[in-house]
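In: turn this into a structure:
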Amino acid sequence: MSSPTAQYRLLVSRAVTQRLTSPSLDDIPPPPTTTLATWERTERLNARAKIIACLAVLGVPWMTFTHDVEKARQEVHILAPTRYEEEKVVPGHDAKVKERDGMRDYAGGEMVKREAWKRMQDGHVDLLRRFGRARLMRINRVKLL
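Out: Predicted coordinates for the structure are as follows:
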């Protein structure tokens, strides 16, 4: 469960985004037609009723809540600017391509690392094959005796 402070901040945030303290929700009968505006107003009234119930549980009066919502509505939130820069490209760096073992090998790039890893893995596989052959030869010798 979250703390009462976090719950209260969530309620204030929801009230700001859904305009739940708006006077347009106070005792005005809904329009007679069934439109999107009617549905939106009904949803906002339901959300407002739920918030009032939550405030009663938290012990916060409605006037204090509306004051906090107005204060939150007036706050200006500024995001820090993010500057995106493209990577520095050295002309011809990626053009150095050579063919090796049927794979393209980029000098100084990721393919060189993959090629080194592949050679190491090939060495391990070769070593395991040799151990396997030696073991089979030993087993065959034991069977012959």
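In: please count neighbours and contacts with C-alpha atoms only from this point.
Out: OK.
In: can you map out the helices along this structure?
Out: 4-18, 36-58, 62-74, 110-144 (DSSP state H).
In: buried ones in the second one?
Out: Buried residues in helix 36-58, counted by 16 or more other Cα atoms under 10 Å: Arg41, Arg44, Leu45, Ala47, Arg48, Ile51, Ile52, Leu55.
In: do the first one as well
Out: Under the neighbour-count criterion of 16+ other Cα under 10 Å, helix 4-18 has Tyr8, Leu11, Val12, Ser13, Arg14, Ala15, Val16 buried.
In: helix or strand with the lowest mean pLDDT in this structure?
Out: Of all helical and strand segments in the chain, the minimum by mean pLDDT, DSSP states H and E falls on strand 97-100, at a mean of 46.
In: returning to what we had before: got a markdown table for the helices of the chain, with mean pLDDT too?
Out: Shown next, in a markdown table, are the helices of the chain (pLDDT from 0 to 100):
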| stretch | mean pLDDT |
| --- | --- |
| helix 4-18 | 84 |
| helix 36-58 | 85 |
| helix 62-74 | 87 |
| helix 110-144 | 81 |
